[in-house]
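Engineer: the following block contains a protein sequence and its predicted model.
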Amino acid sequence: MEGDYPLEVLGEPDGEVMPRYFRKLMKLFASEFVRVKTKEDWDRHREKLKSYLLLSLGELPDKRTPLEPKILGEIRRDGYLIRKLIFQSRPNLFVTANLYLPIDLHAPAPAILSVHGHFNGAKTNPIVQTRNIALAKRGYVVLCLDSIGSGERSYRGITYHGRQLGAQVFPAGITLQGMQVWDNMRAIDYLQSLDEVDPERIGCTGASGGGNQTYYLAALDERIKVAVPVCGVGSYEGYLNGPCCVCEMIPGVMRYAEQADILSLIAPRPLLIISAVHDQASHFRFKDVVEKTFPKVKEIYELLGAGDRIELYPVESGHGYNREMRQAMYAWFDRWLKGIQHPDPSEPQITPEEPKMLLCLDDQGMPPNAESLPSLAYKTAKINISKIGPPPNGSIWLRQRELMRDQIIHEVFRGFPRRSRLNVRLVDRVSFEGYVLEKMTYNSEGGVIIPVLLLIPKRRRKPRPLVVQIHHEGKEAAFRSGLPEKLVENGHIVMLLDQRGVGETRWEKAEAVGVEDYQYFQNSTFLGKPYLGMCVWDVLRGIDYMVNQVRIDPNRIACIGGGIGGLIALFCAALDERITAAASLDMLGSFLYPDKFSDVFPMSVFLPNITRHADIPHVASLCAPRPLLLMNPLNGSGARMSEEEAEEIFFWTRETYRSLESQNNFKIWMGDDGRDEFLVRWIYRSLD
């Protein structure tokens with residue numbers, strides 16, 4: 001390109017495209033929520049709401065595997081003892097826990113499930129220990145377990161609450177919150193098995209992520225008779241404004257509920273919401289609790305004649321579980337689990353144990369056959385994929401592929417928008433040596449404007465083949481790669497675009513704090529509208545425009561991309577046969593890996609529930625018999641596959657092409673030398 005011609009199209013970047021779009025979706029879904037006006041309305045809606053929540057959390061096991069609890073040690077202190085134990089919540093999935101027992105119990109006592117949340121050290125954290133000891137001294141049996149991926153249940157020293165370790169379970173139809181709910185249900189099973197526990201008097205409390213665990217568990221399991229979530233209540237709307245933990249992400253929950261609706265499932269059982277007035281987390285804002293969430297929950301309680309069983313307790317502090325919060329919790333449990341109307345909530349001086357004293361496992365860690373979240377995700381995804389069966393013959397596949405496409409569009413991407421007016425606008429047109437550069441925009445869907453660069457060869461030959469190049473950083477990064485100019489030299493028109501959320505429409509606030517992709521993944525997960533699917537739609541809308549241009553040959557359109565751009569290109573070609581050839585570079589090759597995925601993959605790769613319908617090789621098969629090139633596909637660790645591994649992974653794809661007698665149209669290419677040159681030649685031959 002001559003000189004330093006600017007490639008910006010919009011004039012001024014629009015950093016509000018994504019937050020504006022997320023808010024629009026949120027308001028659309030909220031407008032369709034069920035309005036409860038009577039007790040009968042609530043009775044009808046309640047069971048539907050629970051079923052929706054269970055579906056969003058991922059399927060819970062049909063059977064309760066034997067707990068097989070083992071006491072691994074005991075610590076005796078003044079007035080209580082602490083047992084170190086381990087039990088199974090699923091086959092070979094072990095839970096490490098501490099049981100706090102008051103000494104000299106004369107009758108079955110009330111029990112508290114104490115869930116730790118995001119506290120360093122998990123169950124051994126001194127703040128967590130303090131409430132457990134104080135409750136035991138007040139006569140409660142207390143069970144405190146390490147949440148999956150935390151404490152002694154971390155994965156090789158890494159917690160699941162971070163990026164891939166928490167998100168990589170989503171393609172299998174599993175969620176971290178769903179895993180926690182099931183572990184906590186099994187913890188109740190254990191408490192109810194103890195002679196020291198009154199099975200009809202069990203409460204639950206926790207702060208932050210533990211607050212989330214508390215109300216999700218209480219909403220779904222009525223054995224929790226009293227719930228006290230602390231610094232865990234705000235609004236789902238608040239989640240759209242800042243990052244949260246993966247264990248708080250529930251796919252599609254905002255399509256049918258706000259946080260108040262979930263909390264209302266606890267009614268009429270006693271519920272105390274403790275909130276920090278100065279909580280800095282956007283999703284735990286005190287203002288949201290006061291103005292949006294608590295009044296709605298209170299209304300349901302009053303509708304059920306239980307208005308005295310719900311309270312909001314504000315504390316002038318930041319995020320945590322401090323003494324004032326604990327004292328409010330003690331009084332609430334004493335009132336509703338012991339029947340003490342005016343309890344003394346004072347907390348004695350507590351001396352927590354040295355964290356290492358509470359560890360259940362020795363230096364060997366978990367048993368050698370122990371499951372982890374990555375292994376469970378792998379096994380579940382493998383079972384899902386096995387139901388698809390072996391590659392069918394050509395005629396059967398031509399019938400089956402429409403079903404798979406429909407499932408991907410509606411069950412994974414949760415549908416595409418109605419095609420509205422594109423409102424194409426030509427912004428600029430400038431001539432360079434060998435090609436003309438056009439700047440334009442189009443409307444992908446309401447309020448989502450896509451900036452585009454078109455490189456058009458000067459040689460007069462119409463109509464011309466079109467190549468759409470997708471880069472994860474947008475059109476400028478694609479142009480700087482040098483590939484577009486090589487394609488233009490071969491006579492192709494090249495289209496480069498900023499799919500929403502990148503380039504000129506990137507979310508500036510999220511980018512500034514380094515959570516741009518994380519925020520996209522988080523918000524689109526809550527809204528049940530995967531970001532990757534949004535990007536696919538943006539590309540397909542660009543093709544809607546280009547196929548009607550006289551300079552374009554609609555029978556010669558290629559879509560190419562690298563990394564997540566390669567996945568976008570693959571899905572575009574799989575779902576739209578107007579794309580006559582596709583090439584994906586450096587793309588994740590499968591969701592089936594027994595170990596953790598590398599952090600090189602953006603969060604948006606992990607499509608919720610995708611393996612219930614297809615793995616990446618099945619998506620690639622949807623391109624058959626059209627030409628498809630996979631260059632240097634990656635395994636779960638982010639490393640380039642060997643040729644043998646690639647052939648094994650893409651066996652389904654290879655066989656599908658063979659069944660359609662088009663095996664020469666499917667190519668896996670490995671290497672670095674001459675990669676761009678090979679790609680350009682391949683595109684030329686495929687579109688010739």
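Structural biologist: Good, I have the coordinates. Numbering: from 1, shown residues only.
Engineer: output the below-cut-off pLDDT ranges for the protein.
Structural biologist: By pLDDT under 70, the low-scoring segments of the chain are 1-3, 157-164, 512-513.
Engineer: Three-state assignment for the residue of the chain positioned farthest from its centre, please.
Structural biologist: Note on the chain: the largest C-alpha distance from the chain mean falls to R460, namely 48.7 Å (CA atoms, centre = their mean). Here R460 is recorded as coil under DSSP: H, G, I helix; E, B strand; the rest coil.
Engineer: and it, how far from G320?
Structural biologist: 71 Å (CB to CB, to the nearest Å). The way it works is simple: take the backbone N, C-alpha and C, and place the C-beta from them, glycine included.
Engineer: what segments of the stretch 151-300 of the chain are helices?
Structural biologist: 164-167, 176-193, 209-220, 236-239, 259-264, 286-288, 294-303 (DSSP state H, counting those that start in this stretch).
Engineer: mind checking which of those helices is nearest D688?
Structural biologist: The closest of the helices of the stretch 151-300 of the chain to D688 is helix 164-167. By CB to CB, the value is 40.7 Å.
Engineer: and the closest one, what other elements does it pack with?
Structural biologist: helix 373-386 (3 or more CB pairs under 8 Å, 6 or more residues apart in numbering; DSSP states H and E).
Engineer: give me the helices and strands touching the helix it packs on, please.
Structural biologist: By 3+ CB pairs under 8 Å, 6+ apart, helix 373-386 packs against helix 164-167, helix 176-193.
Engineer: kindly export the shortest one (C-alpha atoms) in PDB.
Structural biologist: Think helix 164-167. Provided in PDB are the C-alpha atoms of helix 164-167 (Å, rounded to 0.1, in the frame of the first residue of the first chain):
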ATOM      1  CA  GLN A 164      -9.600 -22.700  30.400                       C
ATOM      2  CA  LEU A 165      -9.700 -24.900  33.400                       C
ATOM      3  CA  GLY A 166     -13.200 -23.600  34.200                       C
ATOM      4  CA  ALA A 167     -14.500 -23.000  30.700                       C
END
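Engineer: who touches that helix?
Structural biologist: For helix 164-167, contacts defined as CB atoms under 8 Å, 6 or more residues apart in numbering pick out 149, 155, 158-160, 176, 245-247, 249, 373-374, 521, 596-599, 601, 603, 606.
Engineer: filter the residues you listed down to the buried ones.
Structural biologist: 149, 155, 159-160, 176, 245-247, 249, 373-374, 521, 596-598, 601, 603, 606 (16 or more other CB atoms under 10 Å).
Engineer: any idea how far Q259 is from S637?
Structural biologist: 37 Å.
Engineer: P625 now?
Structural biologist: With CB to CB as the criterion, P625 and Q259 are 49 Å apart.
Engineer: of those two, who's got more company?
Structural biologist: Ranked by neighbour count (other CB atoms under 10 Å), P625 and Q259 place Q259 first, with 26 against 17.
Engineer: tell me who's in contact with the more buried one.
Structural biologist: 233-236, 293.
Engineer: now the strands for the stretch 351-500 of the chain?
Structural biologist: 425-432, 435-445, 448-457, 464-470, 493-497 (DSSP state E, counting those that start in this stretch).
Engineer: so which of the ones you listed is the most packed in?
Structural biologist: strand 493-497 (a mean of 27; mean count of other CB atoms under 10 Å).
Engineer: in terms of secondary structure, what does it contact?
Structural biologist: Strand 493-497 packs on strand 448-457, strand 464-470, helix 475-480, helix 483-489, helix 531-546, going by 3+ CB pairs under 8 Å, 6+ apart.
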